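> Have a look at this prediction, sequence included:
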Amino acid sequence: MVGAACAYYAARSGLSVTVLDRGPVAGGTTGAGEGNLLVSDKEPGPELDLALLSTRLWQALSGALSPRIEYETKGGLVVASDETGMAALRDFADRQERAGVTTEEVTGDRLRDLEPHLAPDLAGGFHYPQDAQVQPALAAAHLLRAADEQGSGRVRLRLGEEVTGVLTGAHGEVRGVRTVGGELHAPYVVNAAGVWGGEVARLAGVDLPVLPRRGFVLVTEPLPRVVRRKVYAADYVADVASGSAALQTSAVVEGTPAGPVLIGASRERVGFDRTLSVEVLRRLAAQATRLFPVLARIRAMRTYAGFRPYLPDHLPAIGLDPRVPGLLHACGHEGAGIGLAPGTGLIVARILSGEELPLDIEPFRPERFDGV
Amino acid sequence: MARDRTPAELAGAAPEAAFEITFDGRALPALPGQSVAAALWSAGIVAWRTTRRGGRARGAFCGIGQCYDCLVVINDRPNRRACLVPARPGDTITTQEGDGHAGLAV
C-alpha cells in the first residue's frame, strides 16, 4: 500500500515511476491487514501528525478512486471495562484533542446507543469520528490503477519481479536496481518493501532494522451490520506501543461491507513463522466475545496471519538516506501502513520533486538507528 | 427400467423406519442416516436458501460439503450445510434468508 501511494503521488508530481514487486499487488502485509485508518490509537507526536495528514488525504482519495475500495468513515470506539481504564482513556483523549484529534467521551449507559451489541457492564469509552476503514487490497490496486491513468503511461507496474541488487555509481550514488529481469536505471530508488524493507536496505549496503511483528485475524461467517464502528478495548493502545517480543492480544472488532466481522489483534515477534497458533485464536475469540457477547453464537470461518513491519521506536522510516545518495525509504509503518500510506507517499513525492514537505520528517529519518 | 431404480436399491440398503421432520412447517419423511439435503430432495424440494445480495434461490450443489451453497436453518441455527447434517427425528428445517442472521442487524 505504501509503495502504491508513493507511485500515485510521484506520478501526480509529473515523475515517471516503475513499481517493482516480487509478488502480486497487495501480496504481502497489505493483503493481510484489516484496512484501518486510525488516529484513535496514536499518541500525540510525529506518527499522529502523519496519521492526521493521511486521514485528510484518504478522504480526498475516496472521492478520486472507485467506491470499490470500501472507504467508510465509520469512526472508532475505544471502551474501558472499569473506572481506572476510563481515567486512562480520558487522559489519552485529552492529549490527543490538543494535537488535533476529535474525541467524544461516551458514558457507560450510552455505549449501547452507539453499539447495541456491546456487553452491558462496560464503564464507558471514547468515540473517534475520524477513524475510518478501507479494503486494503482493493485500495492498493485502485490506487495503482489511478496513478497510471493520471500519469498517462508514467507508471509502469512490474509484478513478480524481485529486486536482487541496488546499482551504484562511482560516488556511491544510486543508479537503479538489478532485478531477476535485468537492470533498471533510475536516479532515485524508493524502498517501500514493507516488512522486507530491511533486506532491500541491505542490498544498498545500509542497515534498517525492520522486524516482523506477527498478527492473526479471525474472520466470522457473513453477518448483517452487527458492529457499526471499529471497536476495541483500551489495552490495545498499550499493546501497540509495547516493544515486547512476547505475545500480546487485545480485542479489536469491526464489521465489513462484505459481511464477515474481523477480529484482531495479536502481536508477537516470532520471525516469519506462519504456523497457525490456536492459543492466539482462542484468546482473540475470548476477548471479542467479552466485548460482544453475541459473537459467541457466531462461527469463525477462517483466519489469516500477516507480518507488521516493526521498527524499534514504532515510527516508520521515510525520506532520503544520507548514507546512499538517491536512496529513499518508505517502510516500517508497523500495523498502521494502510492508514499512513497517503501521507508517506505525498512526502516521498515532494522530496523527489523538491517541493515543500507537508510536515517535519526529522523523526522518521532512516539512519536514526545507526550506532544505537 | 433403470431410471426407476433408487440409490437405496442399488446399494442394497435396508434402512430402519422413516421418521418425521418439518420444512417450513410442512411434515416430511426422513430415513435414519439420510442428510437433510437428501430428505428435502426426496420430497421434491430443491431450494431452501436465498442469496445474500440478489435473493436468488439456492439448494444443494456439490453435495459433499465443499461449496456451502446448501446452507439452511436447522433447529433455529443458520448456516448449517444441509448436505452434511444428518436428519434427526423432529428436526425443524427452515428456509434461510440471506445470511440467516437478520435478527442481529443494528
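The structure has been received and is ready for your questions. Residues are numbered from 1 along each chain as shown, chains lettered A, B, ... in the order given.
> Identify each of the helices in chain B and give its residue range.
B:7-10, B:36-42 (DSSP state H).
> Enumerate the residues of chain A near chain B.
A:115-117, A:221-226, A:228, A:259, A:294, A:298-299 (C-beta under 8 Å from any C-beta of the partner chain). Every residue, glycine included, has its C-beta placed from N, CA and C.
> switch to 6 Å and redo it
A:116, A:221, A:222, A:223, A:224, A:225, A:226 (C-beta under 6 Å from any C-beta of the partner chain).
> now, among the residues you listed, which is nearest to chain B?
Nearest to chain B among those is residue A:224, at 3.7 Å by C-beta to the nearest C-beta.
> can you list the weak-confidence ranges in chain A?
Chain A contains residues with pLDDT under 70 at A:150-152.
> let's see 50
Residues of chain A meeting the criterion pLDDT under 50: none.
> do the same with chain B
Looking along chain B with the criterion set at pLDDT under 50, you get B:1.
> let's go with 90 and repeat that
B:1-11, B:13-15 (pLDDT under 90).
> Just give the nearest non-adjacent residue to the closest residue to chain A within it, would you?
Closest approach between chain B and chain A, counting by C-beta to the nearest C-beta: residue B:105, at 3.7 Å. Excluding the flanking residues, the one nearest residue B:105 by C-beta to C-beta, 6 or more residues apart in numbering or on different chains is residue A:224, at 3.7 Å.
> and chain B, which residues reach chain A?
By C-beta under 6 Å from any C-beta, the residues of chain B that approach chain A are B:79, B:99, B:101, B:102, B:104, B:105, B:106.
> Show me the two of these that sit farthest apart.
Taking C-beta to C-beta as the measure, the residues of chain B next to chain A span a maximum distance of 19.4 Å, between B:79 and B:106.
> that older thread, quick one: the residue of chain B closest to chain A and residue B:98, what's the gap?
Separation of residue B:105 from residue B:98 (C-beta to C-beta, to the nearest Å): 10 Å.
> got it, and residue A:276?
30 Å.
> Tell me how far the helix ranked longest in chain A lies from the chain's centre.
Ranked by number of residues, the top helix in chain A under DSSP H is helix A:46-64. How far helix A:46-64 lies from its chain's middle: 12 Å, per C-alpha atoms, centre = their mean, to the nearest Å.
> Could you list the buried residues of that helix?
A:46-55, A:57-58, A:61-62 (16 or more other C-beta atoms under 10 Å in any protein chain shown).
> the helices in chain A, which residues?
Using DSSP H, helices in chain A cover A:2-12, A:46-64, A:83-98, A:111-114, A:136-151, A:197-203, A:235-241, A:278-291, A:337-353.
> what's the most buried one of those helices?
Mean neighbour count (mean count of other C-beta atoms under 10 Å in any protein chain shown) peaks for helix A:2-12 among the helices of chain A, with a mean of 27.
> Now do it: which elements does it pack against?
Using 3 or more C-beta pairs under 6 Å, 6 or more residues apart in numbering or on different chains; DSSP states H and E as the contact test, the elements touching helix A:2-12 are strand A:17-21, helix A:136-151, helix A:337-353.
> The first one pairs with which strands, and in what direction?
Pointing back at strand A:17-21 there. Strand A:17-21 pairs in its sheet with strand A:155-159 (parallel), by DSSP bridges.
> Derive a ChimeraX selection command for the buried subset of the residues of chain B next to chain A.
Only the buried entries of the residues of chain B next to chain A go into this ChimeraX selection, using 16+ other C-beta under 10 Å:
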select /B:79,99,101,104
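> Can you report how many residues lie near residue B:64?
Residue B:64 has 10 neighbours, counted by other C-beta atoms under 10 Å in any protein chain shown.
> most centrally placed residue in chain B?
Chain B has residue B:37 as the residue nearest its centroid, 3.0 Å off, counting by C-alpha atoms, centre = their mean.
> List the contacts of that one.
Going by C-beta atoms under 6 Å, 6 or more residues apart in numbering or on different chains, residue B:37 touches B:60, B:70, B:82, B:83.
> Residue A:338 too?
Neighbour list for residue A:338: A:1, A:33, A:35, A:136 [criterion: C-beta under 6 Å, 6+ apart].
> Which of those sits closest to chain B?
residue A:35 (20.8 Å).
> Distance check, the residue lying closest to residue A:356 once chain neighbours are set aside against chain B.
Using C-beta to C-beta, 6+ apart and skipping the chain neighbours, the partner closest in space to residue A:356 is residue A:350 (6.7 Å). Residue A:350 sits at a distance of 42 Å from chain B (criterion: C-beta to the nearest C-beta, to the nearest Å).
> Counting neighbours, what do you get for residue A:117?
By the criterion of other C-beta under 10 Å, residue A:117 has 17 neighbours.
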